[in-house]
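> Next input, structure requested:
(chains A and B)
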Amino acid sequence: MKNKFVLGFVMISIVALLSSCAKVPQAEIDAANAAIEEARGAAADVYVPAEFAALQDSMNSINAMVEAQKGKLFGSFTAVKEKLAAVTTQAATVKTNAETRKAEVQAEIETLLTEVTALVGQNKELVGKAPRGKEGAAAVEAIKTEIGVIETTVTEATGLRDSGNLVGALDKLKAAKEKATAINTELQDVIAKKAGVRK
Amino acid sequence: MRTGWIVLILLVLSGVAVGLYYLLPEPPEDEFRIAREAIATARDAEADRYAKELFREACADYDSAMANWKRQNQRFIFRRDFTKALQLVSSASEKARRSAREALDKATKVNHSTGATVNQLENQISIFEKLYAPLPIPEKTREHFNRAKMLLSEAKIARGKAEFHTAEEKLGQAVHLFDQSNLQAREMMESYFDSYPKWKSWVEQAIATSRRQNSEVIVVDKMAQECLLYSGGELKRKFKVEFGPNWIGNKEYKGDQATPEGNYYVVQKKDRRRTIYHKALLLNYPNQDDRIRYKKNIAEGKFSAKTDIGGLIEIHGHGGRDFHWTNGCVALTNSDMDVLFRMVSVNTPVTIVGSLKTLQNWMEDELAK
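Numbering: from 1, shown residues only, chains lettered A, B, ... in the order given. Below is the predicted model of the structure:
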C-alpha cells in the first residue's frame, strides 16, 4: 500500500514537471491583437506609420516570448501579460493619434481647398485687369490654361479626399496652392507695375 | 524509514528536473529577436517599397519560422526540433539585411535620378516657355504643358518629404505630358517653317525689285513681329507690329483672326477720315494665290462653300498694345504709322512672311535673349 502511494506520488510529480504549469494568456493576446486591428482600422499605418510599425514589432516580440515560454519547462507568462497590457494600451494611443492626425489632415485639406478656390477666383479677376504683356494674348491664354489646370487639380484632390486618400489630396492641394500663389503674385506685380507707369 | 523514502523521492525528482532542463532543446529566441530587428531595420530603410520582393520573402520566412516554432511547441517536449525554424529565421534575417541594403541603394539612386529629372525637366520647361509659350499653340498642347508643370510641383513636394517613389511616379507622368506638348509644339513650328524657302524667295525678290526700281517695299516678318521698310533695296525703317491672335499660319477665311502671308500691294491709302485706326494702308487680300488655296480648301472639305474668304486686310495704326489683337491686320503705333504712311504710296509692294530666319536660327536667337 505504502509502495503504491509513493509510486503514485512520483508519477504525478513527473507529469506535473513535464506539463507546463502556466497557461498561455490567450484572452490578453486576443485583446492586444484586436486593439492593433482597431488602430489599423483607424488608418494608423497611413497617418502614424512609425508608431504603428513599432506596435507591430512589439506584438511580434510578444508572440516570440509566448512561444519561448511555452517551450520552457517552468514557463511563466507574467512578463508576457505585462507586455500585452502595455501593447493594448499603446494600440489605443496609436489609434487616437491616427484619428487626431487624420482630423488634422482633413482640416488642412479643407483650409487649402478654401484658399486655393479663393486664389483661383482672384486670379480670374486679375487676368481681366492685367495688361496683356509683351507676349500678348498667348501669355494671357497661358495663364488661363494654368488656372484651368489648377482647377482640374483641385477637382482631382477633391476626388482623392472623397475616396479616403487624404494624403494624396493634401499633396495635390499643396502643389495647386503653390501654383495659384505664383500666378497671383505675378499678376499683382504686373498690374502694380502698369499702375506705376501710368502715374 | 519513511523520511528516507521521501528524501530519496525528492532527490530523484530533483535529478529528473535538472536532467530535463539540460536535455530539453533550447528555444530559438535570440535568432527570432535578431530577425525581427533585421526586418525592422529593413522597414526603416523602406525595403517594403524599394526592395519589395526580397522584403516580402524575409517577412514570409519569419512568419513560416514562427509557425514552425508554434508547431514544435505543440509536440511532446522531447520530440521538439527547431532546426527548420532556425533555418527559416536565419533566412529571414539574411533576406531582411539584403533587402535593407538594396533599399538604401535604390533609394539613393531614385533620389539622385529624380533630382536629375527635376533639373532636366525644369530646364526643358524654361526652354519651352521661351520658345513656344508666347506663341498661339493649340489649347491641348498648352494644357499638357501646364499639367506637366503641376505634376513637377507635386513631384518636388514628394521629394521634399523624401518620398522618392511617389516623386518618381509623378515625374514619369510629368515627363510624358511635357514630351507630348513639346513634340506637338515642335511639329507645329516645323510644319510652319516648311514654307521658309518660299518666304526667303519672296523677300529676296521684293528687295531686288526695290533696288531695281529704286522704290519702296514693305516686308512684314511675323515671328520677329516687325514691319521693315526698304527703299532702293536698303532697309530704311523697322517698326514693331501686332497681328491677329492666330497669327501663326496663313489666313484661310473670314473671322479666323489670322494674318495672311504672301505678296500683296497697297490698293488704297486711308487717312483719318476714312479709317477708325488712325491711318491705314489697304492691301489686295485676297490675292490670286489666296483664292486658289481657298478653293482647294473648300474642295477638300476643310470648310463649307458658304465660308467667306474675308478681306479688308490693312496695315493700320492703334498698335503698341503689346498683344495680338487685330482681326488679321497688321497694327503699328500711331506715330510709326504716320512715318510709314508718308513713305509709301498706292501700289507699294507688301510681302508678309512667317520669318526671315530658319527655324534653327530663330530658336537659337530666342534662347539667347
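> Surely A:E156 and A:L173 touch.
No. In this structure A:E156 lies outside contact range of A:L173 using C-beta atoms under 8 Å: 9.6 Å. (C-beta placed from N, C-alpha, C; glycine too.)
> Those two: which has the busier surroundings?
Per other C-beta atoms under 10 Å in any protein chain shown, whichever of A:E156 and A:L173 has more neighbours is A:L173, with 26 against 16.
> can you tell me which residues contact the more buried one?
A:I109, A:L112, A:L113, A:V116, A:T153, A:V154, A:A157 (C-beta atoms under 8 Å, 6 or more residues apart in numbering or on different chains).
> Go again with 6 Å.
A:L112, A:A157 (C-beta atoms under 6 Å, 6 or more residues apart in numbering or on different chains).
> what kind of secondary structure is it in?
helix (DSSP: H, G, I helix; E, B strand; the rest coil).
> Same check on B:Q87?
Criterion first, three-state DSSP; result for B:Q87: helix.
> Not counting its neighbours along the chain, what's nearest it?
B:A65 (8.0 Å; C-beta to C-beta, 6 or more residues apart in numbering or on different chains).
> check which helix or strand covers the one you found.
helix B:52-74 (DSSP states H and E).
> Now do that helix: which elements does it pack against?
In this structure, helix B:52-74 makes packing contacts with helix A:49-71, helix B:29-44, helix B:83-131, judged by 3 or more C-beta pairs under 6 Å, 6 or more residues apart in numbering or on different chains; DSSP states H and E.
> export the ones you listed to CSV and tack on distance to A:V87 and mean neighbour count?
Shown next, in CSV, are these (distance: least, C-beta to C-beta, whole Å; neighbours: other C-beta atoms under 10 Å in any protein chain shown):
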stretch, distance to A:V87, mean neighbour count
helix A:49-71, 5, 19
helix B:29-44, 14, 20
helix B:83-131, 22, 18
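> Any chance of the ones you listed in TSV with mean pLDDT as columns?
Output for the helices and strands packed on helix B:52-74, formatted as TSV (pLDDT from 0 to 100):
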stretch	mean pLDDT
helix A:49-71	92
helix B:29-44	94
helix B:83-131	95
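> closest one to A:A91 among those?
helix A:49-71 (5.8 Å; C-beta to C-beta).
> Is that closest one positioned near chain B?
Yes. Residues of helix A:49-71 are located near chain B by C-beta under 6 Å from any C-beta of the partner chain, namely A:A53, A:D57, A:N60, A:A64, A:E67, A:A68, A:K70, A:G71.
> Tell me how many other residues surround the residue nearest to B:H318 when sequence neighbours are not counted.
Counting by C-beta to C-beta, 6+ apart, B:Y277 is the residue found nearest to B:H318 once chain neighbours are left out, at 4.7 Å. Per other C-beta under 10 Å, the neighbour tally for B:Y277 reads 19.
> Confirm that B:Y277 sits in a strand.
No. B:Y277 sits outside any strand when classified using three-state DSSP, being coil.
> What score does it have for pLDDT?
Note on B:Y277: pLDDT of 92.
> And for B:L23?
pLDDT at B:L23 comes out at 66.
> is the longest helix seen in chain A anywhere near chain B?
In terms of residue count, the longest helix belonging to chain A (DSSP state H) is helix A:78-129. No. Helix A:78-129 lies out of reach of chain B by C-beta under 6 Å from any C-beta, never closer than 12.0 Å.
> so after that helix, what's the next helix or strand?
Helices and strands here follow DSSP H and E; after helix A:78-129, the next one along the chain is helix A:137-162.
> That next one relative to helix A:78-129, how many degrees between them?
Orientation check (axes from the mean of the first three to the mean of the last three C-alpha atoms, to 10 degrees): helix A:137-162 against helix A:78-129 gives 150 degrees.
> re the thing from before, of all the helices and strands packed on helix B:52-74, which one is nearest B:I298?
helix B:83-131 (34.0 Å).
> gap between that closest one and the chain center?
Centre-to-centre, helix B:83-131 and its host chain are 24 Å apart (C-alpha atoms, centre = their mean, to the nearest Å).
> For B:M223, see how far away the residue of chain B found nearest chain A is.
Proximity of chain B to chain A (C-beta to the nearest C-beta) peaks at B:F323, 2.9 Å away. Distance, B:F323 to B:M223, by C-beta to C-beta, to the nearest Å: 16 Å.
> Give me the pLDDT for A:A169.
pLDDT, read off for A:A169, is 95.
> Same question for A:R132.
On the pLDDT scale, A:R132 gets 62.
> now A:L112
pLDDT at A:L112 comes out at 96.
> which one is it nearest to, not counting chain neighbours?
Excluding its sequence neighbours, the residue lying closest to A:L112 (C-beta to C-beta, 6+ apart) is A:L173, at 4.0 Å.
> swap in B:T41?
Nearest to B:T41 is B:A100, by C-beta to C-beta, 6+ apart, at 5.3 Å.
> My understanding was that that neighbour contacts B:R43; is that so?
No. Assessed by C-beta atoms under 6 Å, B:A100 is found out of contact with B:R43, at 8.6 Å.
> follow-up on the earlier one: for B:E234, find the nearest of the helices and strands packed on helix B:52-74.
Going by C-beta to C-beta, the one of those nearest B:E234 is helix B:83-131, 31.6 Å.
> Which secondary structure elements does that closest one sit against?
Helix B:83-131 is packed against helix B:29-44, helix B:47-50, helix B:52-74, helix B:164-192, helix B:359-368, with contacts defined by 3+ C-beta pairs under 6 Å, 6+ apart.
> Between helix B:359-368 and that helix, find me the angle.
Using the same axes, to 10 degrees: helix B:83-131 against helix B:359-368 is 100 degrees.
> and the next helix or strand after helix B:83-131, which residues are buried?
Following helix B:83-131 in sequence order, the next helix or strand is helix B:139-160 (DSSP H and E). Using 16 or more other C-beta atoms under 10 Å in any protein chain shown as the test for burial, helix B:139-160 gives B:141-159.
> can you narrow these to ones near chain A?
Among the buried residues of helix B:139-160, chain A is touched by B:R142, B:E143, B:N146, B:R147, B:M150, B:S153, B:E154, B:I157 when using C-beta under 6 Å from any C-beta.
> of the residues you listed, closest to B:D30?
B:I157 (43.4 Å).
> and the gap between that closest one and A:L119?
Taken as C-beta to C-beta, the span from B:I157 to A:L119 is 17 Å.
> which stretches of chain A aren't confidently modelled?
Applying pLDDT under 70 to chain A flags residues A:1-21, A:131-138, A:193-199.
> any idea which residue sits dead centre in it?
For chain A, A:Y47 is the residue whose C-alpha lies nearest the centre (C-alpha atoms, centre = their mean; 1.0 Å).
> follow-up on the earlier one: can you tell me which of the helices and strands packed on helix B:52-74 is nearest to B:K52?
helix B:83-131 (8.5 Å).
> and the angle for the closest one with helix B:164-192?
30 degrees.
> Where does the prediction get shaky in the stretch 151-300 of chain B?
Using pLDDT under 70, nothing in the stretch 151-300 of chain B is flagged.
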